[in-house]
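[1] Attaching a predicted model along with its sequence, questions to come.
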Amino acid sequence: MRYSQLLLPTLKETPAEAEIVSHQLLLRAGFIRKLTAGIYAYLPLGLRTLRKIEAIVREEMNRAGAQELLLPMVQPADLWQESGRWEKYGPELLRFVDRHQRASCLGPTHEEVITDLVRMNVHSYKELPLNLYQIQTKFRDEIRPRFGLMRGREFVMKDGYSFDADEAAAGITYNKMKEAYSRIFARCGLSCRAVEADTGTIGGNFSHEFMVLAATGEDTIVVCTACDYAANMEKATCPPPAPAATLPAMLELERIATPGQKTVEEVTAFLGITPDQLVKTMIYLADGKPVAALVRGDHEVQPVKLKNLLGVVDVELAGEDTIRKICDLVPGYLGPIGLTMPVVADHQVMVMANMVTGANQEDVHLKNVNLGRDFTVSQAGDLRMATAVDSCPQCHGRLELPRGIEVGHIFKLGTSYSEALQATFLDDHGKRQPFVMGCYGIGVSRCIAAAIEQNHDDNGIIFPLPIAPFQVILLNLSPKDVEISRGADNLYEELTSRGIDTLHDDRNERPGIKFKDADLIGIPLRVMVGKRFAEAGEVEIKQRASGDTQVLPMAGAADALVAMLDRIMTGAPKA
RNA sequence: CGGGACGUGGCUCAGUCUGGUAGAGCACAGCGUUCGGGACGCUGGGGUCGGAGGUUCGAAUCCUCUCGUCCCGACCA
């Protein structure tokens, strides 16, 4: 491709709307432009990288035995009503009616559609296993789209769905997908970690997320420094504490005036105690009904754990107004005693004695509160976020809590969808069975952002070769010089004819501008034809990542570039 | 949806507090000088100051409403 003909509007300055580096660089390097919140146009360079990632995904999915298809984006409401998700899926499911007043939606995911397709067309165990995937634009009306391609409303996703005859076969498929995912992300040049995850709205019973480690990641994950344990915050278990050998004697319940002291910090400082002697009472609305969740003062409630413990669809932290109006309580002075709503406790609270809580009265706290004597709980369990001071639930090793970007997510779905949609086959005994399903997502467009978060410097993007929009950028440093231009043109022709993705910067610009643009857009290899060529027949090759430069005769330049590309490709995790 | 910030030419921003006929840099077009890390000079085009209403002799500036964007929280590839 000739740069002079390419739509590549690079920006010298960072647009004010971009906060994180991948978003800034995608805009500056002319990869994407925003149409409206969370919706982006891919310019030629952005599309090239997107296609390269797609190609890797296809290769590895096909290699793992999956087949590509393409499913509709507009979906009828009745399918979603059949699965029950028309009600369950929140407002991020964009719903609309067509001209015949039929309720429809834009597909945020395709379990319903694929299950429908399979139930209509697959009837025998002999046709299993079946693993189908597509690469398609999804639409989710995200509450808050942000960070460019990191969380768009419209985004490109690879979603795959597997159908197996039984749990064991589904397990094999799941592991195959897990392997395929590791290969995909490695080939994209992403440093990635698989973590155990909660299954969320998609449903099911087992799941891993693939997290690209990056400080700008939206998720915190929990990884053990000693063993292979890794989980996200929603899943990372905090095992119940060993029961204390001797419980301290229960002291007499005491009321203390704590005027103006609301937060854990304020109350503990005021009373001269540590946060682990205090119990936080958090009011949540569980499917609309208030519930009090108790955790130790130095812990945080993990809403997904609370949701799972309560067995409800949705939990939401009650706002101050809700607490005052609906519950008739005073925020900042909440406590478990005398509550009419259900009270659930983290199991760390279950082993506390003589705790401090709010008194459910303005400016008053209670001391020496004891479970059993002063209040009871309806349920106890793991309700809190893991912290860096917790130890690994698997090996008791030290935990770290780095940030990550979720680029892939795989689920064992079991039979929830096949049962809801009555998708069944006949097994080898002629017995009707629901398909055992799995589903597998990759945020393809998000991978671009993740790759940039992991691979950039002050000058711009440093693309891993397999996903770079071009492999080589050829700079003609003296476009007005006939001889130099002829040399550059010839080299460009040769590289192109040898199948190398080459961007030829033939613009009538000064060298400095070409260097800056080349660095910004992150092409792995840069070859320069300039004065040196005119004087000595030599060209220069510079590697974007290392900055290493070599000078060599024009005659051997194409061979050298091919060899370098080979070396980089095979040095990267092999396909 | 809650909290915060912002909206002035394609981009970055000044001007708003204290009302008085819209600015700079970059980008773009022309000419000239330059030409190996985002050159310089001269000239030129381009702006409903997000929108609507109001106050005022006069509004980018003050008031009301509204739309949009960005950031923080609850969702997720």
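    Looks like it came in fine.
[2] From A:V267, how far out is the closest residue to A:Q543 other than its chain neighbours?
    In space, and not counting its chain neighbours, A:Q543 is closest to A:L525: 6.2 Å by CB to CB, 6 or more residues apart in numbering. (Glycine included, C-beta is placed from N, CA and C.) According to CB to CB, to the nearest Å, A:L525 stands 61 Å off from A:V267.
[3] On the three-state scheme, A:L294 is what?
    Following DSSP: H, G, I helix; E, B strand; the rest coil, A:L294 is assigned to strand.
[4] rewinding a little: can you check the pLDDT for the residue nearest to A:Q543?
    With respect to pLDDT, A:L525 scores 98.
[5] Phi first, then psi, for it.
    For A:L525, the backbone dihedrals are phi -120, psi 140 (criterion: degrees, to the nearest 10).
[6] what ranges do the helices span in the stretch 151-300 of chain A?
    A:167-187, A:264-271 (DSSP state H, counting those that start in this stretch).
[7] right, so of those helices, which gets closest to RNA strand B?
    Of all those, it is helix A:167-187 that lies closest to RNA strand B, at 10.2 Å by CB to the nearest atom of the strand.
[8] Outside of the closest one itself, which residues are in contact with it?
    Taking CB atoms under 8 Å, 6 or more residues apart in numbering as the criterion, the residues outside helix A:167-187 that touch it are A:56-57, A:60-61, A:63-66, A:128-129, A:131, A:160, A:162, A:164, A:192, A:194, A:206, A:208, A:210, A:212, A:407-408, A:410, A:412, A:414, A:436-438, A:440, A:442, A:447, A:466, A:572-573, A:575.
[9] Name the residues of stretch A:90-99 that come out as buried.
    Within stretch A:90-99, the residues that count as buried by 16 or more other CB atoms under 10 Å are A:L93.
[10] thinking again about what came up before, among the contacts of helix A:167-187, name the buried ones.
    Neighbour counting by 16+ other CB under 10 Å classes A:56-57, A:60-61, A:64, A:66, A:128-129, A:131, A:160, A:162, A:164, A:192, A:194, A:206, A:208, A:210, A:212, A:407-408, A:410, A:412, A:414, A:436-438, A:440, A:442, A:447, A:466 among those as buried.
[11] per-domain residue ranges of chain A.
    Using automatic domain parsing, the domains assigned to chain A come out as A:11-237+A:401-453, A:254-381, A:470-571.
[12] could those be laid out in a markdown table, adding distance to RNA strand B?
    Formatted as a markdown table, these follow (distance: least, CB to the nearest atom of the strand, whole Å):
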| stretch | distance to RNA strand B |
| --- | --- |
| domain A:11-237+A:401-453 | 3 |
| domain A:254-381 | 5 |
| domain A:470-571 | 3 |
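[13] In strands, which of the contacts of helix A:167-187 appear?
    With strands taken from DSSP state E, the overlap with these comprises A:131, A:160, A:162, A:164, A:192, A:194, A:206, A:208, A:210, A:212, A:407-408, A:410, A:412, A:414, A:436-438, A:440, A:442.
[14] Return the most buried member of the helices of the stretch 151-300 of chain A.
    Among these, ranked by average contacts under mean count of other CB atoms under 10 Å, first place goes to helix A:167-187 (a mean of 19).
[15] Quick check: A:A353 touching A:D276?
    No - contact between A:A353 and A:D276 fails when scored by CB atoms under 8 Å: they sit 11.8 Å apart.
[16] just the strands in the stretch 451-575 of chain A please.
    Assigned by DSSP state E, counting those that start in this stretch, the stretch 451-575 of chain A shows strands spanning A:456-457, A:460-461, A:472-476, A:502-505, A:525-529, A:538-543, A:549-553.
[17] Quick check: neighbours of the third one in the sheet, parallel or antiparallel?
    So the one you mean is strand A:472-476. When pairs are called by DSSP bridges, strand A:472-476 turns out to pair with strand A:502-505 (parallel), strand A:525-529 (parallel).
[18] Show me what that strand is in contact with.
    The set of residues external to strand A:472-476 that reach it, using CB under 8 Å, 6+ apart, is A:484-485, A:488-489, A:491-492, A:495, A:500-506, A:511, A:514-515, A:518, A:521, A:523-530, A:561, A:565.
[19] who are the neighbours in contact with A:L421?
    Applying CB under 8 Å, 6+ apart, the residues near A:L421 are A:79, A:82-83, A:112, A:115-116, A:119.
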